[in-house]
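Trainee: here's my sequence, what's the structure:
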Amino acid sequence: MRLSDRVKHQGRTAPAEPATGDGAGEEASAPSEAQPPSGEQAPRTRKPTPSGAPRQDPMAVLKQRLQEQLFARLGSRLYDASMSEDQLLEFVNAELTGVVDEEQTPLSPQERRQLVADVSNDVLGYGPIQALLDDDDVTEIMVNSTDRIYVERAGRLHPTEARFLSEDHLRRIIERIVSEVGRRVDESSPMVDARLPDGSRVNAVIPPLAVDGPSLTIRKFARDPFTSDDLVTMGSMSRPVADLLRACVEGRLNVVVSGGTGTGKTTMLNVLSSYISDGERIVSVEDAVELQLQQPHVVRLESRPPNVEGRGEVTIRDLVRNALRMRPDRILVGEVRSGEALDMLQAMNTGHEGSLTTVHANSPRDALSRIETMVLMAGMDLPVRAIREQIASAIHVIVQIGRMRDGSRRITQITEVSGMEGGTITLQDIFAFDHAAGIDEDGRLLGTQEPTGIRPKFAEHLAVHGHALPADLFGSADALLELR
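Mentor: Numbering: from 1, shown residues only. I've put the predicted structure just below:
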């Protein structure tokens, strides 16, 4: 008999209590399917499952019952800071074994070991989302409430069967995650950005801001960082685009990666950073460390929120300023969001060529507008024309990324910042995604990045630095008309 069948069987055939008189014991032990005596109604211990209603997984019910009993037995000892991780694991497994012993469900030795391991991982790991974190096909986990957990696979959202026991259970998991990186989340600071040990990005919001209970979002990163070959294989970019971007990074052009939320900006920044040679000193600045830099000479800086007293905050702008004093060959800013845009532009314009950063924007033109706005947020009373001249001088290339309707993430434009005309920054597309190519039988877009036929002005700069680009890389002059 399977374990799930035995769990069901145990629920139907719970031992009857001793009779206390006049056939009460016989009535209590009678099968639920038996017809009651005339004029009497047999007691019902289980409600029948309504037609069409989803049935609960008996194993999930058993696991939940074990977890509740384990939490009741452990209490605050589960979070005793004086216990090492190994001691805590041994302690939890011992208590859990006792809880399983008290269960009357018959279990084989293998089933018993598996059940103890599952519940132990659930209690000591990241709860019901631990299995989702271990699934390499899952790229994002979204916990809307205790019983509404979604994942992203291949760019598509899917509901899951994972469930938290209660809001307190979910809250404990959130606090465990954020405490590992020295962050906190409470009623006075109900929003937090953090990361997992593998670099996965974490955002959590708790009541009173989260009306339906604590909310948790985890954006996973690949265990092995993606390479340019991986992105070419997945169709995120073409081989000519990869060759162009490699030349831009090796030729020390300043590159901005632009895109909306969840389009893969950090992944693209990781790929671009892989083109930097091992002999250069890299200083990275991030709100929460996410970049997976492979070079040996790297200094990683991470911002810090204020403490409970409102002191000790270190902003991205503070770190960018400090990075300039650290003799960097390259400065990588995970994302510019505010006044640090001014310091980043000044760094690009004062001998730190080859710097990389990302910005939230839907097009290259929008990216420049956002950077202009963020410079104004620095509190400096600068004329708009002076800001635009700084932008036009500092930024050479904008890599625009989008999430397509088929769920894939593709480079949609490679755009050169070519200079100023009057009071306007001029742009020209070097590559553009062919949206008119159609879709295949599986619903995936057939388009790729096509050259526009325009040879960029920075090609001469790259040639001087030993990275001459082939003339046919940019296509013919008719390519732009075909794309339009």
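Trainee: use CA for all of it now, contacts and neighbours both
Mentor: OK.
Trainee: next one: the longest strand seen in the chain to chain centre, how far?
Mentor: The single longest strand within the chain, with elements called by DSSP state E, is strand 409-421. Centroid separation for strand 409-421 versus its chain: 27 Å, with C-alpha atoms, centre = their mean, to the nearest Å.
Trainee: list the buried residues in that strand.
Mentor: 409-420 (16 or more other C-alpha atoms under 10 Å).
Trainee: could you do stretch 130-141 as well?
Mentor: 131-133, 138-141.
Trainee: ok, these vs residue 67, which is closest?
Mentor: residue 131 (16.4 Å; C-alpha to C-alpha).
Trainee: what about that closest one, distance to residue 191?
Mentor: 25 Å (C-alpha to C-alpha, to the nearest Å).
Trainee: same question for residue 216.
Mentor: 10 Å.
Trainee: which of the two has more neighbours?
Mentor: residue 216 (21 against 17; other C-alpha atoms under 10 Å).
Trainee: doesn't residue 146 make contact with the more buried one?
Mentor: No. Under the criterion of C-alpha atoms under 8 Å, residue 216 is not in contact with residue 146, lying 10.1 Å apart.
Trainee: which stretches in the stretch 1-150 of the chain count as helices?
Mentor: 3-12, 24-29, 58-74, 85-102, 109-124, 130-134 (DSSP state H, counting those that start in this stretch).
Trainee: could you do the stretch 251-400 of the chain as well?
Mentor: 265-273, 316-323, 340-349, 364-376, 384-394.
Trainee: okay, the residue lying closest to residue 339 once chain neighbours are set aside and residue 184: tell me how far apart.
Mentor: In this structure, residue 339 finds its nearest non-sequential neighbour in residue 378, 3.8 Å apart by C-alpha to C-alpha, 6 or more residues apart in numbering. Residue 378 sits 27 Å away from residue 184, going by C-alpha to C-alpha.
Trainee: which residue packs closest to residue 437, ignoring adjacent ones?
Mentor: Using C-alpha to C-alpha, 6+ apart, the closest residue to residue 437 is residue 447 (4.8 Å).
Trainee: per-residue confidence for the one you found?
Mentor: Residue 447 carries a pLDDT value of 90.
Trainee: need the contact list for it.
Mentor: 433-439 (C-alpha atoms under 8 Å, 6 or more residues apart in numbering).
Trainee: would you format those residues as a markdown table with neighbour count and secondary structure included?
Mentor: Compiled in a markdown table, the contacts of residue 447 are given as follows (neighbours: other C-alpha atoms under 10 Å; DSSP: H, G, I helix; E, B strand; the rest coil):
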| residue | neighbour count | secondary structure |
| --- | --- | --- |
| 433 | 19 | strand |
| 434 | 19 | coil |
| 435 | 15 | helix |
| 436 | 12 | helix |
| 437 | 11 | helix |
| 438 | 11 | coil |
| 439 | 13 | strand |
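Trainee: closest to residue 164 among these?
Mentor: residue 439 (39.6 Å).
Trainee: that closest one and residue 445 touch, don't they?
Mentor: Yes. Contact criterion C-alpha under 8 Å: residue 439 and residue 445 qualify, at 4.3 Å.
Trainee: between residue 378 and residue 184, who's got more neighbours?
Mentor: Neighbour comparison, residue 378 and residue 184: the larger count goes to residue 184, with 22 against 16 (by other C-alpha under 10 Å).
Trainee: any idea how far that one is from residue 194?
Mentor: Taking C-alpha to C-alpha, one finds residue 184 at 9 Å from residue 194.
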